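Enquirer: Here is my input, please return the structure:
(chains A and B, ligands or ions: 5)
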Amino acid sequence: MNKLLKKRKLAENIIEYVFEAKDIVRNAKAGQFVILRVDKDGERVPFTICDYNREKGELTLLVQTVGYSTARLAQLEVGDYVHDLVGPLGNATDLSHADRILLVGGGIGAAVIYPQSKQLKKLNKKVDVILGARDKSLLMYEDEFSKYSDNLYIMTDNGSKGEKGFVTDKLKQLIDSGQKYDVVFAVGPLVMMKAVSNVTKQYGIRTIVSMNSIMVDGTGMCGGCRVTIGGETKYACVDGPEFDGHEVDFDEAISRASFYKEHEKEQFCKIKG
Amino acid sequence: MVIVERQRTIEQDPEVRAKNFEEVSKGFDEKTMLIEAARCLNCKTAPCKKGCPVGVNIPEFIMELQKNNPLKANEIIKKTNSLPAVCGRVCPQEVQCEKYCVRKAKLGGSVAIGALERYAADAGLKSQEKVQPPKERKNIKVAVVGSGPSGLSCAGELAMNGAQVTVFEAFHQAGGVLVYGIPEFRLPKDIVQKEIDKLKELGVEFKLNTVIGKTFYVEELLKEYDFVFIGSGAGLPMFMKIKGESLNGVCSANEFLTRANLMKAYLPDSVTPIQRAKISVVVGGGNVAMDAARTALRLGAEKVYVVYRRSRQEMPAREDEIIHAEEEGIEFMLLTNPVEILGKDKVEGIRCIKMQLGEPDQSGRRRPIPIEGSEFDLKCDQVIMSIGTSPNPLIKNSTKGLETTKWGTIVVDENNETSIENVYAGGDSVTGAATVIMAMGAGRNAAKAMLKKAEENK
Ligand SMILES: Cc1cc2nc3c(=O)[nH]c(=O)nc-3n(C[C@H](O)[C@H](O)[C@H](O)COP(=O)(O)OP(=O)(O)OC[C@H]3O[C@@H](n4cnc5c(N)ncnc54)[C@H](O)[C@@H]3O)c2cc1C
Ligand SMILES: Cc1cc2nc3c(=O)[nH]c(=O)nc-3n(C[C@H](O)[C@H](O)[C@H](O)COP(=O)(O)OP(=O)(O)OC[C@H]3O[C@@H](n4cnc5c(N)ncnc54)[C@H](O)[C@@H]3O)c2cc1C
Ligand code: SF4
Ligand code: SF4
Ligand code: FES
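Expert: Ligands and ions are numbered 1, 2, ... in the order given. I've put the predicted structure just below:
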């Protein structure tokens, strides 16, 4: 049982949660994730560790309300408890070997790139960030990103904030204008990560993506999270979640992500009433 | 002389049970139990006993049953077996205790030792006696990693002897394979829960949602505890590495069974999804394959095939489970092996090849060889891979100095101690996928060694 300490709405359908999780944050690192169950009979759902405070034993998650379990989570009030919280799982991301880093976050992907920008900036690296969203109402953490980046570029599909266009438009523009990056770290919807990887491949820039496969245990025992990387089967929960974007079989991942859609829709309707 | 035949337990009708998740076998009623117990000849040499990995005193407990004293019988079993209600149900008795029973060949069949054990154990569980925590508390602290049969029996033995025990479990529920793998219709979960509750009464503390190697490292545990026992099992599923294995509709038996059992996806209003297939193909021939096949059937499949590359004789599953599966209408495709899974996004079928048996291999079983040109296709919308598991490398990768074999199993000595002092291991993490009773035996053995060492170091 872990207590919800703070809750803050950041954007349409996006909520920042701070949980009491002393044991989890002790060894936690940026890039890792947790699995939580809201209720006793709830589903196990994974979320990236967005931020943490070791002294206070606090864990921050950034969650987009998309279906049953995330909607149940959104119903919790400060002081309520989630039934189970386990972690940290997966491997930490370490981009500290690079000096010039471009972080690309689409939608809720901001949750994954935020701890990276914070950490890298503290190491005095050059950090540029592209944030993308459909509409300005879906943007989050702008202030935080401004603080922890050299340049922050905002892209919206409809031009309601920043520039109109996709994150890949900005990416191409930056590279073509002579910006040099040692590594691009892109996190967001599968189609976005696929598009970014396609662009960077042409320019030969190393690219890392974060695979949010469907998971059950998160410890390597079900194989449900498997992804094909360079022709080999890997488990996102223990071998990842980060992989070389140029090696990922995105089409397969997109197909696998939709497997339980029907059931999920049904459950979501139940909670929305 | 009339030879009394081995008595059969009461079972749900195959057609009825194929549609529900209630326990298939209801065990013996009192009358049948007495008839069966009376069949035991109380052999002086007790050959049956040598077939039991933990040496349950079989004639002695059956003698108590003959006098209709199930609680006494249970006490006798409990001296060497801390989970008799589980073992009575899931031990592969036909290759263990019952294999050596003198009645096996000519006297109406082996005594149904497993079913009798279950009878006694169930009576024990029902009697609801509070367990007495040991009077003397010792100043020994032990961390047990994993709450499967090895971890539970290790914790039980330690706690009974006054040690302070904390069990760390990665999942949100304790029990290991007993709760996430073996289905309700074979091992009701409230039985496992009762055993766990008893450990709690003994003072064992359970820390769930804690992954050793992630949340805490073994090194850290050693600072706070005198000993560590690793009972992390062999939960890493293998796949065949054939074409089409990433299609939607292909999953490991572990995933399928975990969704069904641990996440209760077999209940109609569960929030955890599970595929309810029309035609399901399960690949493999062990207990896991039988459980997956029978679960698929109960989830509403019209047809379930078990595809196994050797013959029925070589199937590693318990005899009872094979028979039960057959009775329920599951079709066995023996001497058959998949070569490709067919489909575009989703599984549409499976291509198999016929096999024949050649010379015996290292395991002593005859090696299956493909028959060229014998490929054929089977239509299906689900393929469940159940071809084996290996130990999870999480602990190995995060623990410096822990010696393992090339298969990833942990190396231990005769006391179950690993290459790291005061770190013990046992169960599937040491042997690779084996049995409940072997895992329990290992857990107890390690507990005894720890207690002895603590005594010596005092
Ligand atoms: C390693 C990892 C990190 C993630 N980090 C975040 C994060 O920081 N913030 C965030 O909002 N979301 C994150 N996600 C996605 C999040 O887990 C899903 O949105 C969530 O499970 C949806 O649950 P639901 O019941 O509300 O929706 P559902 O109706 O169940 O599903 C909605 C969508 O989520 C996907 N999904 C469903 N169940 C799972 C599951 N068990 N695992 C993964 N995806 C699933 C479905 O394919 C579907 O596209 C992460 C996923 C992974 C694997
Ligand atoms: C479907 C199925 C059916 C079976 N049927 C039978 C049968 O009929 N008869 C029989 O005798 N045997 C059967 N077996 C085999 C038997 O269940 C196992 O041999 C036995 O459970 C092994 O016990 P264990 O304690 O070593 O490990 P497990 O039961 O696997 O338990 C290990 C536990 O450790 C936890 N864990 C793993 N890693 C960590 C970590 N890093 N930190 C914390 N916790 C961790 C796991 O979550 C798990 O709960 C079956 C197995 C399966 C999968
Ligand atoms: S524990 Fe298993 S092998 Fe031993 S007597 Fe009981 S059923 Fe037989
Ligand atoms: S061998 Fe059979 S008959 Fe003899 S003691 Fe054992 S169970 Fe009884
Ligand atoms: S989530 Fe089960 S193996 Fe990765």
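
Enquirer: Tell me which residues of stretch B:423-436 come out buried.
Expert: Across stretch B:423-436, burial judged by 16 or more other CB atoms under 10 Å in any protein chain shown covers B:423-431, B:433, B:435-436. In this view, the C-beta of every residue, glycine as well, is placed from N, C-alpha and C.

Enquirer: What average pLDDT does it get?
Expert: Average pLDDT, stretch B:423-436: 96.

Enquirer: Please apply the same query to stretch B:103-113.
Expert: Rounded mean pLDDT across stretch B:103-113 is 94.

Enquirer: returning to what we had before: among the buried residues of stretch B:423-436, which one lies nearest to residue A:204?
Expert: residue B:429 (43.6 Å; CB to CB).

Enquirer: so who does the closest residue to residue B:388 other than its chain neighbours touch?
Expert: Spatial nearest neighbour of residue B:388, chain neighbours left out: residue B:238 (4.9 Å); criterion: CB to CB, 6 or more residues apart in numbering or on different chains. By CB atoms under 8 Å, 6 or more residues apart in numbering or on different chains, residue B:238 lies in contact with B:385, B:387-390.

Enquirer: for residue 74, phi and psi?
Expert: Reading this off chain A. phi -60, psi -20 (degrees, to the nearest 10).

Enquirer: hmm, I had chain B in mind actually
Expert: The phi/psi pair for residue B:74 (degrees, to the nearest 10) is phi -60, psi -40.

Enquirer: Next: residue A:235.
Expert: Dihedral angles (degrees, to the nearest 10) for residue A:235: phi -100, psi 120.

Enquirer: coming back round to it: quick check: pLDDT value at the residue nearest to residue B:388.
Expert: 93.

Enquirer: same thing with residue A:144?
Expert: 91.

Enquirer: What strand or helix carries it?
Expert: Assigned by DSSP states H and E, residue A:144 falls within helix A:142-147.

Enquirer: Now stretch B:181-192: buried residues?
Expert: B:181-189, B:191-192.

Enquirer: what's the answer for stretch A:185-194, then?
Expert: Going by 16+ other CB under 10 Å, stretch A:185-194 has these buried residues: A:185-190, A:192-194.

Enquirer: tell me which element the residue in the stretch 1-150 of chain A that ligand 2 sits nearest to is part of?
Expert: Residue of the stretch 1-150 of chain A nearest ligand 2, by CB to the nearest ligand atom: residue A:86 (9.7 Å). Here residue A:86 sits within strand A:84-89, counting by DSSP H and E.

Enquirer: so what strands line up beside that strand?
Expert: The strands beside strand A:84-89 in its sheet (DSSP bridges) come out as strand A:33-37 (antiparallel).

Enquirer: what about the partner strand, near ligand 1?
Expert: Yes. For strand A:33-37, a contact with ligand 1 is found by CB under 6 Å from any ligand atom, at residue A:33.

Enquirer: mean confidence score for that strand?
Expert: Summarised as a single mean, pLDDT over strand A:33-37 is 96.

Enquirer: swap in stretch B:446-458?
Expert: Rounded mean pLDDT across stretch B:446-458 is 93.

Enquirer: what does stretch A:174-189 give?
Expert: pLDDT averaged over stretch A:174-189 gives 94.

Enquirer: Please tell me how far it is from the chain's geometric centre.
Expert: Relative to its chain's centre, stretch A:174-189 lies at 17 Å (CA atoms, centre = their mean, to the nearest Å).

Enquirer: Same check on stretch A:154-167?
Expert: With CA atoms, centre = their mean, you get 20 Å for stretch A:154-167.

Enquirer: So which bits of chain A are right by ligand 5?
Expert: A:215-218, A:220-225, A:235, A:237.

Enquirer: Turn these into CSV, columns for neighbour count.
Expert: Output for these, formatted as CSV (neighbours: other CB atoms under 10 Å in any protein chain shown):
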residue, neighbour count
A:215, 22
A:216, 24
A:217, 26
A:218, 27
A:220, 20
A:221, 26
A:222, 27
A:223, 24
A:224, 24
A:225, 26
A:235, 24
A:237, 27
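
Enquirer: got CSV for the buried residues of stretch B:181-192, with distance to ligand 3 too?
Expert: What follows is those, written out as CSV (distance: CB to the nearest ligand atom, whole Å):
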residue, distance to ligand 3
B:181, 18
B:182, 15
B:183, 19
B:184, 20
B:185, 19
B:186, 14
B:187, 13
B:188, 17
B:189, 20
B:191, 15
B:192, 16
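
Enquirer: Show me which of those residues is closest to residue A:119.
Expert: Using CB to CB, those come closest to residue A:119 at residue B:181, 39.4 Å.

Enquirer: Residue A:224 versus the residue nearest to the closest one when sequence neighbours are not counted, what's the distance?
Expert: Excluding its sequence neighbours, the residue lying closest to residue B:181 (CB to CB, 6+ apart) is residue B:257, at 5.3 Å. Distance of residue B:257 to residue A:224, computed by CB to CB, to the nearest Å: 12 Å.
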